[in-house]
Structure formats: structure tokens, C-alpha cells
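Undergrad: Sequence first, then the predicted structure:
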4 protein chains.
Amino acid sequence: MVCGLPGIGSVAWLAVNHLQKELHAQLLAEVFSPMFSPKVWLGEDGVVGLMKGEFHFWKNKPGGPDLLLFTANEQPYSPEGQYELAEVALNVANKFGAKRVVTMGGMATDRLAGEPRVYAGATSPDLVTELEAFGAVKLAGGAITGTNGLIFGLAKPKNIPAICLLAETPGYLSLDANAAKAALQLSSRMLNIPIDLTALEKQAKENADVVKKAKDLSHAFPRESRRGGDRGEDKLHYVS
Amino acid sequence: MVCGLPGIGSVAWLAVNHLQKELHAQLLAEVFSPMFSPKVWLGEDGVVGLMKGEFHFWKNKPGGPDLLLFTANEQPYSPEGQYELAEVALNVANKFGAKRVVTMGGMATDRLAGEPRVYAGATSPDLVTELEAFGAVKLAGGAITGTNGLIFGLAKPKNIPAICLLAETPGYLSLDANAAKAALQLSSRMLNIPIDLTALEKQAKENADVVKKAKDLSHAFPRESRRGGDRGEDKLHYVS
Amino acid sequence: MVCGLPGIGSVAWLAVNHLQKELHAQLLAEVFSPMFSPKVWLGEDGVVGLMKGEFHFWKNKPGGPDLLLFTANEQPYSPEGQYELAEVALNVANKFGAKRVVTMGGMATDRLAGEPRVYAGATSPDLVTELEAFGAVKLAGGAITGTNGLIFGLAKPKNIPAICLLAETPGYLSLDANAAKAALQLSSRMLNIPIDLTALEKQAKENADVVKKAKDLSHAFPRESRRGGDRGEDKLHYVS
Amino acid sequence: MVCGLPGIGSVAWLAVNHLQKELHAQLLAEVFSPMFSPKVWLGEDGVVGLMKGEFHFWKNKPGGPDLLLFTANEQPYSPEGQYELAEVALNVANKFGAKRVVTMGGMATDRLAGEPRVYAGATSPDLVTELEAFGAVKLAGGAITGTNGLIFGLAKPKNIPAICLLAETPGYLSLDANAAKAALQLSSRMLNIPIDLTALEKQAKENADVVKKAKDLSHAFPRESRRGGDRGEDKLHYVS
């Protein structure tokens, strides 16, 4: 199962939505619950939609792993709701006999790399080693908050091997397609499922152009006009 | 079922209360619950009343649709309570075999029209088209928060066709009878149930007079004394 | 059942505790619950006590009504907890076949009367009339918040006749024995149970002396030194 | 059962963790629950851990009392969660036939003693007297908030004799090993279980050196530069 709920840079959400579209995964189940915000949204056609979680299923060729995808419009607003949604996701994973749980997220950094690093943690040291072999950097220490972290962590007492991939994201991007791409590349290698990343690359290129323009613009202004302190010419500022 | 809980301009609440009085609908059930505020109120006769939801029933002439009305003194204060009350309302609707759910609300705007527009969303594109034929403006995009929105949205997975009508309201009126009238006129046409709107019209007229006086008064003062920015002579300011 | 939980001036709490001591009522049941604050307190002897509700029972002489008393160290901190505790109290009242529920409280006022007025509301107009005959002032309009109000109001759908007595209290007193005495006097007349009020009178006298001293003192200082606005020489200031 | 959850100076948490390590107590059960924060943490090896409670068991030599130890990474964030965790702990204590419950904590003080006093309260006057005989100071009055206090207090209606030991701690230490040592010394005497306190003594010595350095440093600066008021040369400032 690959899980991605909205979070920093929407990294996980972008990644799972990309997977769903590229693989033409089928809608399996929807989760409506008071753990989501008390609101509804309207499409351009005037038709109502609810805040919800969604499971999609993708049937692989014989021999390869099938994929169960899980995402939602938002993270539950209460801590109890976040635990509850993580439980729901893992129960569905169990019901479908998921062999491994992959969660994702963004890690705020002030390094804006063309190739963001992907940090990885897991439910066992063996899995961490496996992830390092695929190019991930070991996530040594720290905490992961929210539903993505809970799905990852709660898989452990349920004896489902789980990993969490955090791609570097500059923090000022609300939709960081480049970080999502980095997380997906690593997942793709690990799961041995080739994924066409063209759409994400296109979006990432557009993001980069916008950031470059903003950077040029900020150099055109005197230092005093910038909000917050300056942390060196080569680093970009970010808001966590 | 026609639902109207307190909200912006009390549009929905005014509309459903008007329906109940004009149609002499009978009290069917009351909902007392910890999801309401922990308080009671006293009438002029010293008799206590609880915060509650109320269902009223109106028997139509043979051939026409009966009406189930739902309203409450207030919206539940917690998100979970809002979901719970929406569930209660829809369960009663289901038990009585409601064919359609109509929810209402106000849409804050700075246009003060003699004839407020009524925006409409629905659970299916067909219903949206039907509403446009009755004079509604398609609600393309946006979000509806609170219990009125949840009753509307949660009807969808329960397979009850539902619509939401949002009448324009200037936002500074706590009881906008004119907006309630506009929402009711459209409902009346759609449900093919004639409704005498005289009482609402009278109240709307009084509102308009009060607003006119306030407007005249505000012109008598220098611009600097007004709170907030001025957004043009022809527009009224509003607080959302 | 006579109920009194802590509130403005601790009027109800003082009244029910006085009843319990004067009548030597017996402890019937204790309520421990997560709806109370997560803390414990220690007595002078180092022995721990919990936040709790308590029911006491008093057996009257043949012919007169027995009394069930209910109080607690504090009101539950959450709205849901306040509803829950009110339900608990009324369920016990039902189990013991209580014929009438009496709740009390303080009504903040800036009138400091030797004889505070007692305002009264009830679950039926007949009861209001009866209370007026006993000297109460009809509580026409307004809201009563908190557990005392909920026990009163929720008695109505449970078909237990209930009344609420609110004694005038200046608001700046945390323990207003004079108001508690006034509420008890009226209850005593209505229930036809004579109650010795000497202890409350003594405490009320001490309160009055303290207030008089504070008043004399405030006159000795220039007006500018007082906090808040001055609302006339004859009125005392209060904080609601 | 000896219980110690994080709190002021981490006194109880340090004490129970020391017991567990010194006695080589075996892990008995883990408690995962939405009452904990919605986050996970990562070890230096990249392996995920959950917020949780832990029970450890230590088998004594024949004739002496076995020990059940209970601790957690954190206290539940909600009042209801704190009550729930206290119930869980006491239910496990009951299942294992615990004869006595020992809870601990820190008491913020501005006295920095080489030998911190240990204050004690209990569920009965006899137990208080027993604790005084072991060198504790009677906790006469006051309140204990949080899960440590609730485990202590809720043991009373469950008829499990319980005590609470609060060791003096200066408040500015996040890990006060000296206070933990003092609480353990008293527990050790009372339970007649010898405990090697060398590791705690070493940590306490390091703490004292750091505090001494900070104190010397604060004397080197003019008074005006210190935050807060000065409460005498001999007293150390603390933040509660």
C-alpha cells in the first residue's frame, strides 16, 4: 500500500495522485467521517463533493506486486481523528493482504536541490539498509507528525513492514512536484514498477521557473525590504 | 425534506420557520443532544426551553409532495456534532422516505439587490440543470461549511438527491428576510407548493428601511470616520 | 432532588452543602468521571480525594418529602461533560422516584440587597405561578448556562417537574452565603421542610462586614485609583 | 506497581526508568493509543517508534514483593486521555494482584537541597503515618494534576492502597536525577528492595556542576540583565 496525505509541500499527496492517474488505478472505497472538516466543496459543474479518504487499486502484470493507494483531501483536524484514519488505512491494507506499507512526506530544508535527497525510516533495520541501497539517506532521529507518520508507525505493532520516505522540499512551495518525483523514483525502483514521471517533471520545471523569477526579483530589491533575516547568498529562505 | 439551520443572515432558518408557520406543519420530533451548547433558555412565561433540533411534518393535498421540515436553535459547536446532526436529519429523511433534500443558506456578497440571486449546487449534474431552469445560478466551485452543507453533501453517499440553495445576503444583516424570501420562491416553484410570502416581505421591507437610514447616516459623516476601506459609492460594506 | 453545583457566588453549592450538614443527610453514591478535571486534592491529613459528584439522601418524617441532594466539587470542563453529568443526576432522580427537581444558582447583579430577590423559572407555567406565590420573581427571558441549567432543562423531556431558583448576588463574592440563604428560605417554604439557617446567616454577616470595609476603603481613595468606570455612588461595582 | 510518567523535572520518569534498568525488569505489555500525540519518532538506526505506555515486570526473590513498573513517553494531551491511561494502569495492576501502588512526581521549589525532601500523600491516614516513619514529609493540602495524580487518586475507589511521593525539584531542571534518587531511596526503604543508585548519583553530580557554572555566570553579569525579579542572593530562581 502506498499512502500519501496532504502535508508539507503536498509531496505525498502529489506522488500518490500521480501514481493513481499514471497507473489508471480503480476506485475501491471511499471514507466519509466526522474526523474530516465539517464542510463540502463544489465542482465546476455545481456537483457537491465531501471531504474524504480514497482507496484505489492497481492490478500489476503476473509476478509483480499489485498496488493499493490511499489518499485524502486533507488530514483529520484532531489528533484522535489522525489515529483513527491511520487505523482505517491499515485495516484495509490488512484485508487486502498488503505485504508492505509505503508512506511519504516532505522534509523542510533550505537546500534547493535539482535532485532532492530522499530520507528514509522503516519498521526494521533490514528495511532501512534495503532503502539505503536504493539511494535513500537514513533518517537517524527526529519525529514525524500527522497521519502519514502514524500509518507508518502503527504498521509496526500490526506486523506490516513499513517505510517512510521524506523528500527534501524548500518549504515555501505548496505543491512541490520535484520532491514528489524524487520520492516516486525511489519507490519505483524499490517496488520494481516503472512509472512515467513526465507530468510531474513538467510541473516541477514550472515551479523552478517561478522560484527563479522570485529569486531574481528579490535581488533587485535592497536587503532591508526582505522579511526575516538573510541566511547567506546561496541559500533560499523558507517558512516551515 | 427542507432543512435550515442558523447561519449567515439566518437565511435558511428564517425560510424553514416561515414554511412551518405558513403551512401549519405539525411537530414530529425533537432532538436534544450534548452536541448543542450547554445552556437552556427561558420564555417570557418563565418556562424553560432546551437547545434542540425540530422536525415538522406537512401533509400535502393528494398528488403533491408532503414536506418534512428540519431546523434547530443553533448549529452544534463542534465539527463532530455538526456531522452527527446531519446524520440524524438524513436518517429521519430516510425513515420517512424523503425523495429529495433541500438545504439552504446565505452567500455573503456586497451586492444589495432588491432581487437577490439564488446560487444552487446539487448531488448530480441533472439536478443542477433543473435548478438553473427554475432561475438559480450554478454554484461553480467553492466550499459550504457547517451543518447545512453537511446535510447536503452526506445525502450523496446515502443516494438521496439533494440540492443546496444559497441566497445572496449583504452579510451585515443578522436576519435577512429578503434573502430567505428569494430562496423560498425558488423552492416553491421547484416543489410546486404555493407559499404565501407576505410576512417575509413585510420583514424584508422593514430591513430595507433600516439599511437605507443607516446608509443616509453614513453619508452624513466624513469618509474618515468609517471603519474599513471604501469600496465605491454604489456598494455597501459588509462583514463576513 | 435538590441540586447545586459550583457557579456564580457558589450560591447553589453553599445551599446544598448547608442542607446536607443541617439535615445530616447520608452519602448515597459518588460519581468519578473523566468529565472532571484531571487532578486530585489532598486533605490536611495527607489523604487523597478525587474530583467527584455526590448524592446524599435525607429521610423525612412520615408524610413529608424525602430529599435527594446532588452536588460536585466542580462543573465538568467540557460542554459534553456538563450534559453527561446532568443526565447522571436525572437518572438517579428517576431511580429514586424524585417528584420534583430543584436547581439553584446565582444571578449577578449590581444591587446589594439585605434581602436578595430570588428569580424562578420552571418546566411549566403552573410551577412558575406556584413559585411566585412563595415570593419568587418570574424569570422572564434569558439563558442559564452550565450544569445547573441543564439539570433543570433536561428534566422537562424526562417529565420530571423542575424549577430553577436564581438568587441575586453581587458577583464579586466567591462565596455568597446571603444569596444561598435566600434561595434556601424559598426552597424551605416550598418543600415545607424547616431548615436552620443560623450558620449561613453568620457567614453572610461576616461577608457583609468585609464588603462594608472594602467600600469604606474605596471611598478613602481618589476616584482615579479605582479599576473600571464608576457607575454611581450608590451602586457597587461587580465583575460578572 | 510503581508508576512514573513524565512531569516536572521528569522525576518520576527518571526514577521508574532507573528501576527498570537496574532490576533488569522484563517488558510485559505496551499501550498504543490515540490518547497520545499524533506522531512517531525515529531511532539513530532509522527505525520507527510510537508514543506509548510500557509495563515491565520484575520477579523478586522468594518472600519479597515482585514489581510491576509503568511508564510512558509522555502524558496524554487531553484530560480524558489522562483519566483513560490511569484506568489502564490500574486495571493491569488489578490483573496482576498489585498490593500497593506507588506514584511519584516532582514538587517545584526554590530550595536547592543536596538532599531534597520527599513529600508524601496516601489513600489512608495509616499509610501517611507509615511514610512519615520512612522519612517523608506529609503532603498536607494542595492538588496534584496529571496522570501520576490520577493513578494515585483513582486507586482509592478501586480499593488499592496507593501513595504519591513528590521530591523537591528546583523547576529549572528538565531531568532532575537528584530528585529521582531521593524518591527512589524512600521507595527502596519502604518496599525493602535494595536499589543501586550509582547511575542516578552520577547524573545528579553532572546536573549540580552545570547549575553551579550557570550560577557563577549569573553573578558575573549585572543584575539588570537577569530576567524576572531577584528573590535574594541565596535562592535560585525557578520557572514553574
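TA: Sure, I can see it. Numbering: from 1, shown residues only, chains lettered A, B, ... in the order given.

Undergrad: Tell me the secondary structure at the closest residue in space to A:Pro34 that isn't next to it in sequence.
TA: The shortest distance from A:Pro34 to any non-neighbouring residue, by Cβ to Cβ, 6 or more residues apart in numbering or on different chains, is to B:Tyr83 (3.5 Å). In short, each C-beta sits where N, CA and C put it, glycine included. What DSSP: H, G, I helix; E, B strand; the rest coil gives for B:Tyr83 is helix.

Undergrad: Could I get the contacting residues of B:Tyr83?
TA: Listed by Cβ atoms under 8 Å, 6 or more residues apart in numbering or on different chains, the contact partners of B:Tyr83 are A:Ser33, A:Pro34, A:Pro38, B:Leu150, B:Leu154.

Undergrad: which one of these has the most neighbours?
TA: B:Leu150 (31 neighbours; other Cβ atoms under 10 Å in any protein chain shown).

Undergrad: Next one: the residue nearest to A:Pro34 relative to B:Gly149, how far apart?
TA: As for B:Tyr83, its distance to B:Gly149 is 11 Å (criterion: Cβ to Cβ, to the nearest Å).

Undergrad: between these two, what contacts are shared?
TA: In contact with both B:Tyr83 and B:Gly149: A:Pro38, using Cβ under 8 Å, 6+ apart.

Undergrad: do you know how far the spatially closest residue to A:Gly146 that is not a sequence neighbour is from A:Leu150?
TA: Nearest non-adjacent residue to A:Gly146, counting by Cβ to Cβ, 6+ apart: A:Gln75, 5.6 Å away. A:Gln75 is 10 Å from A:Leu150, where distance means Cβ to Cβ.

Undergrad: just A:Ile160 next, same as before
TA: Separation of A:Ile160 from A:Leu150 (Cβ to Cβ): 13 Å.

Undergrad: cool, A:Ala136 as well?
TA: 21 Å.

Undergrad: which of the residues in stretch A:175-192 are buried?
TA: A:176-188, A:190-191 (16 or more other Cβ atoms under 10 Å in any protein chain shown).

Undergrad: contact partners of the helix or strand in which A:Arg189 is found?
TA: Applying DSSP states H and E as the criterion places A:Arg189 in helix A:177-191. For helix A:177-191, the surrounding residues in contact (Cβ under 8 Å, 6+ apart) are A:2, A:9-12, A:14-15, A:18-19, A:65, A:67, A:102, A:104, A:106, A:114-118, A:120, A:130-131, A:134-136, A:165-169, A:173, A:194-195, A:197, A:200-201, A:203-204, A:207-208.

Undergrad: Which ones among those residues map onto helices?
TA: Mapping the contacts of helix A:177-191 onto helices (DSSP state H) picks out A:11-12, A:14-15, A:18-19, A:130-131, A:200-201, A:203-204, A:207-208.

Undergrad: From those residues, pick the one nearest B:Val92.
TA: Using Cβ to Cβ, A:Ala12 is the member of those that lies nearest B:Val92, at 39.3 Å.

Undergrad: Excluding residues flanking it in the chain, which one is nearest the closest one?
TA: A:Gly4 (3.2 Å).

Undergrad: Settle this for me: that neighbour is touching A:His18, isn't it.
TA: No: the criterion here is Cβ atoms under 8 Å, and A:Gly4 misses it with A:His18 at 9.4 Å.

Undergrad: before we move on, back to that, tell me the buried residues within the ones in helices among the contacts of helix A:177-191.
TA: A:Val11, A:Ala12, A:Leu14, A:Ala15, A:His18, A:Leu19, A:Glu130, A:Leu131, A:Leu200, A:Gln203, A:Ala204, A:Asn207.
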